[in-house]
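>>> Any chance you can model this:
(chains A and B)
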Amino acid sequence: MLAMNYRGPRRVRADQKPLPEILHPEDAIVRVTRSCICGSDLHLYHGLVPDTRVGTTFGHEFIGVVEDIGASVQNLKVGDNVIVPFNVACGKCAFCKQELYGNCHESNSQATAVGGIFGYSHTAGGYDGGQAEYVRVPYADVGPTVIPDWMDHDDAVLLTDVVPTGYQAAEMGGIKTGDTVVIFGAGPVGILAAKCAWLFGVGRVIVIDHLDYRLEFVKKYAQCEAYNFKEMEDPVMFVKQTTDWFGADVCIDCVGADATGDALQTITGKKLMLQAGSATALHWAINSVKKGGIVSVVGVYGPTDNLVPIGNVLNKGLTVRANQASVKRLLPRLIEHIRAGRLNPKGIITHRVPLEEVADAYHIFSSKLDNCIKTVLIPPSAKK
Amino acid sequence: MENTTKDYTHINGWGVDADPKNEPTYPMKHYNGDDHQRLNWVRPPLQKVTVEILKSKERPYLTAVLGTSVPPSGLSGVIRRYAFKNFSENEYGHWLPLLLADRINVVEGMIDDLKHGHIPNIFAEKGLKAEWKFNRKSFVTKIATGVVLTGMVLYFNQKRKKALLD
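Numbers count the residues shown, from 1 in each chain, chains lettered A, B, ... in the order given. Next up is the predicted model:
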């Protein structure tokens, strides 16, 4: 089968690989019909995540058709069209039973701090991902959800990660009606976080980024305010000024390890790799939020340390909430929102690229070329 | 500068998920007391171990399902085994060797390609076709800068050699 093949930082290609097999009675094999490149895939692509082995297939955002099931699978049948959440979750451990599906304890032998994630290095379990024609899906009775007949598959593929992550970013903000929310990052997750914040009754949504085309997009798509930090002397001062010198009620980091905007963070985090990526957005979020406010973190960082003003977290009495999105918990509500027309995820898709051209797709997304926001990869087998 | 709270109630779905109970820890975690049972849940059936799986020192046993994509091999594999065997996730001794192994693995990957008669097309793998298509000016500038710098290095090197011979 054709699959994306990681060859080193900023080097990928499409290669022939063996078909996946059922290795566990709760496995399914899914023929991929659409997969996406996620902003967090860029952390792998840029070589920032430890234990990213050459030969791995990335891709944790994918949907497809069930081609085969293990002996114990009961909730799926061959031929079902399924949304596959990016979390590999057993449904039985203490964490899954408390709906913390992003923290499953039975899916990642290589680490305890993160559950299994498709195509996200051996630090997240060593599973091959969905930027391929076929993929092995463990615990098929737990995560995969049948796509409703009425749903557009472009909406469905975005329910595997980016929509739940954006929604949970807003949810973790503990938003109160009328709150001012500042979102750092106008990538796909930041855009969805801005859109979802309205569902929680927010009074004002401000998005901060440095790419004008993305700021223009989010302003229209999420009906929010959008500002370029390159035009500001200091984004924290900007937030203070625009909130009557009070600070935002909620700040959300939707960037993670690849942030730009602070030379010290960029050099130590991305160039010298002395910290687990550049923590610029988190730094700004902590310093921009009001005293007693909430900082919500969905931007992904590596497993080592980062330079953040933890003293200000203490002195300001902040609550920091963070997690990988619990996709399965959120899916029923998000499907309702799409059906009711409150969310229109497919509106963020800007590029459709054949899987054969995966190297170009990564470069376009990584370098923000051609006004790229969200890329969908179409494998050749999708047409079957 | 914009500094007014506007009425956004016309936005489709505004406030439908507003929940006064949405305080930290709710509804993110539906606490059920299982935390105090520790690791004593009924485990799923265990996947047969068919390839080498490295296990975090912070776990008592392998998880029930396993990712089998790229087992450790070569020099990078030796370093990965060392990192997992000797250090917990809490220690730099775990993560820094893994980053080193990743870089060595890139060279191993190139050697492996050549062994299989495949010459890696770095230009294509880096997606430079897209760079040429969408960012041509910058691409040409980078190439030109590279050519000029290489030319200068060669010129001064030759000049230095000539001076030494004279």
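>>> Pull the contacting residues for the residue of the stretch 1-150 of chain A found nearest chain B.
Going by Cβ to the nearest Cβ, chain B is nearest to residue A:126 of the stretch 1-150 of chain A, at 3.1 Å. (C-beta placed from N, C-alpha, C; glycine too.) Contacts for residue A:126 (Cβ atoms under 8 Å, 6 or more residues apart in numbering or on different chains) come out as A:53, A:56, A:110, B:53, B:66, B:67, B:68, B:69, B:70.
>>> The nearest residue to the last one once chain neighbours are set aside: what secondary structure?
Distances taken as Cβ to Cβ, 6 or more residues apart in numbering or on different chains put residue A:53 closest to residue B:70, at 4.1 Å, once the chain neighbours are dropped. Using DSSP: H, G, I helix; E, B strand; the rest coil as the criterion, the local structure at residue A:53 reads coil.
>>> I'd like to know how many residues surround residue A:53.
The tally of other residues near residue A:53 (other Cβ atoms under 10 Å in any protein chain shown) stands at 23.
>>> Residue of chain B closest to chain A, please.
At 2.6 Å from chain A, residue B:127 is the closest residue in chain B, using Cβ to the nearest Cβ.
>>> Could you give the backbone dihedrals for that residue?
The phi/psi pair for residue B:127 (degrees, to the nearest 10) reads phi 70, psi 30.
>>> Surely it is in contact with residue A:362?
Yes - counting by Cβ atoms under 8 Å, residue B:127 does reach residue A:362; the two are 5.7 Å apart.
>>> Pick out whichever of those two has more residues nearby.
residue A:362 (30 against 26).
>>> Mind giving me the packing neighbours of the helix or strand containing that one?
For residue A:362, the enclosing helix or strand under DSSP states H and E is helix A:358-366. Packing partners of helix A:358-366 (3 or more Cβ pairs under 8 Å, 6 or more residues apart in numbering or on different chains; DSSP states H and E): strand A:11-16, strand A:28-37, helix A:39-45, strand A:349-354, strand A:374-378, helix B:128-134.
>>> Would you map the helices across chain B?
B:74-86, B:92-115, B:122-125, B:128-134, B:136-165 (DSSP state H).
>>> Now render those helices as TSV, adding mean pLDDT.
Output for the helices of chain B, formatted as TSV (pLDDT from 0 to 100):
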stretch	mean pLDDT
helix B:74-86	98
helix B:92-115	97
helix B:122-125	96
helix B:128-134	95
helix B:136-165	92
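>>> could these be laid out in a markdown table, adding distance to residue A:65 and mean neighbour count?
Below are those laid out as a markdown table (distance: least, Cβ to Cβ, whole Å; neighbours: other Cβ atoms under 10 Å in any protein chain shown):
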| stretch | distance to residue A:65 | mean neighbour count |
| --- | --- | --- |
| helix B:74-86 | 35 | 18 |
| helix B:92-115 | 32 | 18 |
| helix B:122-125 | 30 | 15 |
| helix B:128-134 | 30 | 17 |
| helix B:136-165 | 39 | 10 |
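>>> pretty sure residue A:185 is touching residue A:280, no?
No - using Cβ under 8 Å, residue A:185 is not in contact with residue A:280; the gap is 10.2 Å.
>>> Quick check: neighbours shared by those two?
Common neighbours of residue A:185 and residue A:280 are listed as A:255, A:259 (criterion: Cβ under 8 Å, 6+ apart).
>>> circling back to that earlier point, need the helices of chain B in CSV (columns: distance to residue A:355).
Output for the helices of chain B, formatted as CSV (distance: least, Cβ to Cβ, whole Å):
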stretch, distance to residue A:355
helix B:74-86, 27
helix B:92-115, 20
helix B:122-125, 14
helix B:128-134, 15
helix B:136-165, 24
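>>> among these, which is nearest residue A:353?
Among the helices of chain B, the nearest to residue A:353 by Cβ to Cβ is helix B:128-134 (9.5 Å).
>>> Which other helices and strands does that closest one contact?
With contacts taken as 3+ Cβ pairs under 8 Å, 6+ apart, helix B:128-134 sits against helix A:358-366, helix B:136-165.
>>> burial measure for residue A:230, as a count.
Residue A:230, neighbours per other Cβ under 10 Å, totals 12.
>>> who's in contact with the nearest residue to it once chain neighbours are set aside?
For residue A:230, ignoring the flanking residues on the chain, the nearest one in space by Cβ to Cβ, 6+ apart is residue A:210 at 4.9 Å. By Cβ under 8 Å, 6+ apart, residue A:210 lies in contact with A:228, A:229, A:230, A:260, A:261.
>>> Wait, residue A:304 touches residue A:279, no?
No - counting by Cβ under 8 Å, residue A:304 does not reach residue A:279; the two are 11.4 Å apart.
>>> Identify the residues contacting the closest residue to chain B within the stretch 151-300 of chain A.
Nearest to chain B, among the residues of the stretch 151-300 of chain A, is residue A:201, at 3.5 Å (Cβ to the nearest Cβ). Going by Cβ under 8 Å, 6+ apart, residue A:201 touches A:175, A:176, A:177, A:178, A:179, B:14, B:15, B:17, B:18.
>>> Could you work out the most separated pair of the residues you listed?
Distance extremes for the contacts of residue A:201: the farthest pair is A:178 and B:17 at 14.7 Å, using Cβ to Cβ.
>>> State the number of residues packed around residue A:344.
By other Cβ under 10 Å, 15 other residues sit near residue A:344.
>>> let me redo that: residue A:292
11.
>>> part of a strand, is it?
Yes - under three-state DSSP, residue A:292 falls within a strand.
>>> which residues in the stretch 101-250 of chain A form helices?
In the stretch 101-250 of chain A, the segments counted as helices under DSSP state H, counting those that start in this stretch are A:153-158, A:162-172, A:188-197, A:212-221, A:235-242.
>>> between those, which one is nearest to residue A:327?
Shortest distance between residue A:327 and those, using Cβ to Cβ, is found for helix A:162-172: 4.6 Å.
>>> so the closest one versus helix A:188-197, what angle?
Orientation check (axes from the mean of the first three to the mean of the last three Cα atoms, to 10 degrees): helix A:162-172 against helix A:188-197 gives 50 degrees.
>>> what about helix A:162-172, near chain B?
Yes - for helix A:162-172 and chain B, the contact criterion (Cβ under 8 Å from any Cβ of the partner chain) is met by A:171, A:172.
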